[in-house]
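> only geometry, no sequence info:
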């Protein structure tokens, strides 16, 4: 069960004018659910994407980058679950292109106007024929109300569908932002086995959208880590259909931008946190804030070293205030001139370490009290500057091992 | 149970002339076994050490560095299990010094001639009074035959004591090398919660010993990783008692050196591999060889990224040839200009990936056959140079989570 997360209902995921979604079963794995998603986008829809930095990036990621590089409007997304089409060489690339061609035929557009996405097992050939066969069934059910079904279709080891919607009024015009995401393991810095799609009808220009996608990913999906692995397929796409009756938002100083950006960010953060809350085997949601660093990069490094430590993660699973493991992780973050005597940390409101050693006020039962909670904040002060960074992570449980030991069976 | 490792018997750990070892129960944790070790060294014994790079290094590590910096012969080691004396600030430092003073009093030497070591829980005050009280009992049983008891006394989550002995004849004189080590978790690059002590009666000069300790640690203890965490206390100490009737070995081109170095290395490698074989929850021993890199550093990075991936480790635990996870880990190693199309890898004798995608000869049942073995070699060819590196690791099992979730209880 996810930690403090109840999935949105179908009714809570509002249609975004210009976006229609349809799903169908393509039997990509031996499952009996919809596992193929077709998203139809109104003419004039602008898109921007942020993708995995894994050098073995999947074939669909390469094709997405290519199609986005045209900087032209897009007409469709096609997403399959169950097979990552990664580590599949030139055949994989041909398969990703064939998927685009089939989606383009279904929607009467050009293959270059389609972005393909895949998630699932790596290094297995994509059953592209089954995808081609199932696309007409997706097209037949295209609907603006299809977000919930879409969130379900893209799941792999997720236990719940993840979607979020927000609205804001701009110059008297209601703007809708709706997004879905999938991902539960292989979640790490720089995008993870994570697919995230967020759409708005706000008329955001392409140049602005690029900066916005990167900034929002940096503050949401790139803040989360479950197991430190970065997948071959991670993709976050921000779509703007331009259907809201407003003049285009093209510049960073547009006074309408902050309100729109705030709702897009809220959706992205909700989705990103939902991924951690539904992290493989997660029983706790942990925020790690590192402050007092010389720069953001070193704060980020300390936060991720704590978040990735299997010893820290198992201590959280056990609700065991074995907090020396956090001290150890801080020391491992590779800050060569860190002065331990200036480091302090807190577990929620409890001071654990002050000036490099156990706070005199610290009592084990206070640590235990916090460790038992399902949501915990670790705050570290490095005492060497003003920069800060945060990551969200979860614990490491028996269930994580079970899920990942049994994934393919 | 360790993977393919049977501990040496007491008789198989040969005395090293000039070294006597005694153990006693100091009740540092609530256990009823010996947990304190005193090692007495003959006058003239040279020592060199390699220590953790964790910035939160433990108090005894600081004191060791200080005492070794004198570059004078040493007379004793004192080691406790159950408490790391790390994250303990100035009090911890005073406690480590008090331990040295007590050991010096027991052996009639100077405190600066003693090296202290601690392993166990971090951030708890060291019960130094109990150590001081138990030291006379250690002294009372000092014996050249005490290596096995010593290996037992320094254990924490280890399931078996780890010791090794080798002999070699140099100019007709028998040279003995005996070592012990502990460590089963928090084992990672750059020394881990690992204590390793290797002694020889060979008359190796101090300057030579420094280079030798670093080189040997680099090829043994620094090649292993269990969970990617580097502890606050890791220490490897190489001791030369100079008791063998040979003229001193002082220079790297001494013709007697290669034979001596070979036996010291063999002992260190056996101990290092024993730590992985007894890794927390380990069910498999995995060697990862990366070759064809531009330099050793990048080969090492790829090998460790594979070794640290929880997804790869759980696949090994499940004997599941979900080998795309290895592809993914290679792509995550941060080699920016890696060309996936030149990357290949093998599982033992089975070609899995050739030229960036699945080898045409690969059959899942062949992958499964290798994955079921208790010892597996992953060989990766990067196709971009001549450098190579290797690490040894183990899988990630339910037992790992249990051990680390319950460690303090």
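Okay, I see it. Keep in mind it's a predicted model, so treat the numbers as computed, not measured.
> strands of the stretch 51-200 of chain A, residue ranges please.
Taking DSSP state E, counting those that start in this stretch as the test, the strands found in the stretch 51-200 of chain A are A:74-83, A:114-121, A:162-170, A:173-182, A:195-200.
> okay, those in CSV with distance to chain B next?
In short, each C-beta sits where N, CA and C put it, glycine included. What follows is the strands of the stretch 51-200 of chain A, written out as CSV (distance: least, C-beta to the nearest C-beta, whole Å):
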stretch, distance to chain B
strand A:74-83, 10
strand A:114-121, 6
strand A:162-170, 21
strand A:173-182, 17
strand A:195-200, 16
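> reformat those as a markdown table; add mean pLDDT and mean neighbour count.
Below are the strands of the stretch 51-200 of chain A laid out as a markdown table (pLDDT from 0 to 100; neighbours: other C-beta atoms under 10 Å in any protein chain shown):
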| stretch | mean pLDDT | mean neighbour count |
| --- | --- | --- |
| strand A:74-83 | 96 | 25 |
| strand A:114-121 | 93 | 28 |
| strand A:162-170 | 97 | 19 |
| strand A:173-182 | 97 | 24 |
| strand A:195-200 | 97 | 28 |
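> so which of these is nearest residue B:299?
Residue B:299 lies closest to strand A:114-121 among these, at 27.3 Å (C-beta to C-beta).
> just checking, what packs against that closest one?
helix A:59-69, strand A:74-83, helix A:89-107 (3 or more C-beta pairs under 8 Å, 6 or more residues apart in numbering or on different chains; DSSP states H and E).
> take the ones you listed and lay them out in TSV including distance to residue B:216.
Conversion of the helices and strands packed on strand A:114-121 to TSV gives the following (distance: least, C-beta to C-beta, whole Å):
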stretch	distance to residue B:216
helix A:59-69	44
strand A:74-83	47
helix A:89-107	42
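> point out the one among these that comes closest to residue A:302.
By C-beta to C-beta (comparing all of these), the closest turns out to be helix A:59-69, at 29.6 Å.
> show me what contacts residue A:366?
Contact analysis of residue A:366 by C-beta atoms under 8 Å, 6 or more residues apart in numbering or on different chains lists residue A:350.
> relative to residue A:267, how far out is residue A:236?
For residue A:236, the distance to residue A:267 equals 12 Å [C-beta to C-beta, to the nearest Å].
> please read the previous query as pertaining to residue A:393.
Separation of residue A:393 from residue A:267 (C-beta to C-beta) stands at 21 Å.
> residue A:13 now?
Residue A:13 sits 10 Å away from residue A:267, going by C-beta to C-beta.
> again, but for residue A:250
Counting by C-beta to C-beta, the separation of residue A:250 from residue A:267 is 22 Å.
> what about the two, which has more around it?
Per other C-beta atoms under 10 Å in any protein chain shown, whichever of residue A:250 and residue A:267 has more neighbours is residue A:267, with 25 against 14.
> can you say which helix or strand has that one in it?
helix A:257-277 (DSSP states H and E).
> can you map out the helices along the stretch 101-250 of chain A?
Counting by DSSP state H, counting those that start in this stretch, the stretch 101-250 of chain A has helices at residues A:128-140, A:147-153, A:206-218.
> ranking these by burial, who's on top?
Burial of the helices of the stretch 101-250 of chain A is given as mean neighbour count (mean count of other C-beta atoms under 10 Å in any protein chain shown); helix A:147-153 ranks first at a mean of 25.
> average pLDDT across that helix?
Across helix A:147-153, the average pLDDT comes to 98.
> equivalent analysis for stretch A:31-47, please.
pLDDT averaged over stretch A:31-47 gives 96.
> same deal with stretch A:338-345?
Mean predicted confidence for stretch A:338-345 is 94.
> buried residues in that stretch?
Neighbour-count burial for stretch A:338-345 flags A:338, A:340, A:343, A:344, A:345 (criterion: 16 or more other C-beta atoms under 10 Å in any protein chain shown).
> that one and chain B in contact?
Yes - counting by C-beta under 8 Å from any C-beta of the partner chain, chain B has neighbours in stretch A:338-345: A:338, A:340, A:341, A:343.
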